[in-house]
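# okay, predicted coordinates and the sequence, questions at the end:
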Amino acid sequence: MKQYKVNTVLVGLFTSIIILILAFLLIWQSNLFIRVSGYELIGRFDSVGGLLTQSEVRFRGYRVGRVIDIQPQKDAILVRFSVMNDVQIPHGSSLRVIFDGLVGEKYVDIIPDPNALEYLSPGEVLVGYSTAGIADFVDVGTKNLAEIQEVLRAFRKISTNPDVMNSIQNSIFAVEAITENTNAVLEQIRQFSEDDNIQQIVNNLNTISFELSKTIDADFAKNLSLTIENFQQASESLNDLLSREGFKTDVRSAVVEGKKMFRTVDSVFDTFSKITIDSNTSVYKANEEKGNWLSANVDFGYKSSFLRLGVGNRLTTDVMVNLQQSLALFDSLRARFGSFYSFPGVGFDYTLYNLHLKTDIYNFDSAQLDAFLYYPIINKFYVSIGATDLLDNDQNKSYLFGFKLATN
C-alpha cells in the first residue's frame, strides 16, 4: 500500500512537470512574453507576398518580435506586429517582406534610418514593401523572352526584305571602285618592298602618295556618299521597326514590371531605352587573285556589351552568318563569342590609341585564325590589312588589304 502511494505521487509529479513544460512551450511559441513585455507597431504594405501571422520580425537580422495580425484594407494591407521593449526602432525606418533563404518562409525585416535621432512610439505606422519571389522571376523572364522573340522575328523580316538587301548590295558595289584603285597601290607597295636603293625608295614613296591621292577623288566621294545613303536607308528600316505601334508599349510594360520587382536595381530594366544600333561594312582584296572579302554587320549595343548580327562571304561565293555577343574585359580589350561565318568561335578586339586589332578563332575542327589591323584615315573610314588561316599551311593563307566604313 505504501509503495502504491509513492508511485501515485511520482506519477502525479511527473505529469505536473510535463504539463508545465507544455504550457511553457505554448506560451513561448505564441510569443506571449513578447506581447506582454513588448510594444506594438503597424506596417503598411501594398502587398505582403504570402506573409503569415506568427511570422518573425527581425531587426538587423536578429529576431525581435512576431506578426500579430494581418488586416487587408481597400488600398493597402496593415500588418500589426510586436517588438520587445528593449529594442528601440528609429524614426524613418522602413519595412520589407523577404524570404529566409531561397525558398524559406517569409519574415518582416526592419530597415533602420541611420540618421534618425528619435525612436518610434507604440502604435506608430511604418511603410513597407514586399520583395519578389521565384514566381515573379519566372513571369518577368517569360515576358522578356517573348519580347526578344518578337525582335528576332522582326529582324528576320528585315533581313529577307528585298529593299534592304538591295541597299546592302548597292553599298558593296559602291566600294568596288575603291578596290580597283587600291590594286595599283598594292603593286607600288610590292615594288617598294623589293627595292634597296634609297633614291628609288623615295621615288616609290612619291608614286605611292600620288596613287593614294587618286583613290580619294570626286568619284570616291560620290561612292562614299552613296554608301552612307544606303546605310541611312537601312537605319530607317530599323527605326520603323522600333517605332511600330505597340512595340515600345510592350517594351515599356516589361521595364515597369521589372522596376516593381527590383526597386534597388531598376536601372537593369531600363535596357530597352538605352539600346544603340551601329553598323559597319568591310571590303578586302586578297593576294594572288583569291577573290574579295565582303562583310556587313549590325551591332545592338547596351552599355559596354553588344549583340552583332551580320553576313559575309570570306573569299567565297557563299553567304555566311555572324551572330556574336561582345563583352568588355578591360577598357581597351573586348571579347566576342558566338557564330563566326556560320562556325562557332571566339574573337578579341584590342585598341591602342587609334590602332585597332581584331583576331577571330573559329571552326575549331580545322582551327581557323584570322587577324586584321585597322587605322582611321578620315572620320569613321578605316584602312585595313589582314591575314586569314594563320594556323594553316602557306597554300591556304591569304593576305588582305581593304577598307571599313562604320557608323559608330
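That came in fine, so what should we check first? Fair warning: this is a prediction, and the values are worked out from it, not measured in the lab.
# now the strands for the stretch 201-350 of the chain?
Remark: strands of the stretch 201-350 of the chain, listed N- to C-terminal, are 276-286, 292-302, 305-312, 320-328, 333-340, 343-352; assignment by DSSP state E, counting those that start in this stretch.
# next secondary structure after the helix or strand that contains Arg156?
Secondary structure here is read from DSSP states H and E; on that basis Arg156 sits in helix 134-159. Per DSSP H and E, helix 134-159 leads on to helix 162-174 as the next helix or strand towards the C-terminus.
# reformat the strands of the stretch 201-350 of the chain as JSON lines; add distance to Val57.
For glycine as for every other residue, the C-beta is placed from the backbone atoms N, C-alpha and C. As requested, the strands of the stretch 201-350 of the chain are arranged in JSON lines below (distance: least, CB to CB, whole Å):
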{"stretch": "strand 276-286", "distance to Val57": "46"}
{"stretch": "strand 292-302", "distance to Val57": "40"}
{"stretch": "strand 305-312", "distance to Val57": "42"}
{"stretch": "strand 320-328", "distance to Val57": "43"}
{"stretch": "strand 333-340", "distance to Val57": "47"}
{"stretch": "strand 343-352", "distance to Val57": "51"}
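# number of nearby residues for Val283?
Per other CB atoms under 10 Å, the neighbour tally for Val283 reads 23.
# got the domain boundaries for the protein?
According to automatic domain parsing, the chain is divided into the following domains: 31-131, 137-406.
# those: which one's closest to Leu10?
domain 31-131 (30.6 Å; CB to CB).
# just to revisit the earlier point, closest to Val67 out of the strands of the stretch 201-350 of the chain?
Proximity of these to Val67 was assessed by CB to CB; the nearest stretch is strand 292-302, lying at 41.6 Å.
# what's the angle from the closest one to helix 162-174?
What separates the directions of strand 292-302 and helix 162-174 is an angle of 130 degrees, with axes from the mean of the first three to the mean of the last three CA atoms, to 10 degrees.
# buried set for strand 292-302?
Asn292, Trp293, Leu294, Ser295, Ala296, Asn297, Val298, Asp299, Phe300, Gly301 (16 or more other CB atoms under 10 Å).
# same check, this time on stretch 72-79
Buried residues in stretch 72-79, counted by 16+ other CB under 10 Å: Ile77, Val79.
# name the residues that touch it?
Residues from elsewhere that reach stretch 72-79, judged by CB atoms under 8 Å, 6 or more residues apart in numbering: 42-48, 51, 67, 69-71, 95, 108, 128.
# can you rerun that using 10 Å?
With contacts defined as CB atoms under 10 Å, 6 or more residues apart in numbering, stretch 72-79 is touched by 41-48, 51, 53, 55, 57, 67-71, 95, 97, 108, 125-128, 130.
# filter these to the buried ones?
Taking 16+ other CB under 10 Å as the criterion, what is buried in the contacts of stretch 72-79 is 41-45, 48, 51, 55, 57, 67-68, 70, 95, 97, 108, 126, 128, 130.
# so of the residues you listed, which ones are in helices?
Counting by DSSP state H, these place none of their members in helices.
# between the buried residues of strand 292-302, which is closest to Val87?
Here the nearest of these to Val87, counting by CB to CB, is Gly301; it sits at 49.9 Å.
# got a pLDDT number for the closest one?
The score at Gly301 is 82. That number is its pLDDT.
# quick check: chain neighbours aside, which residue is closest to it?
Taking CB to CB, 6 or more residues apart in numbering as the measure, Gly301 lies nearest to Thr276, with 4.3 Å between them; neighbours along the chain are not counted.
# format the domains of the chain as a markdown table; extra columns: distance to Ser16.
Compiled in a markdown table, these are given as follows (distance: least, CB to CB, whole Å):
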| stretch | distance to Ser16 |
| --- | --- |
| domain 31-131 | 21 |
| domain 137-406 | 53 |
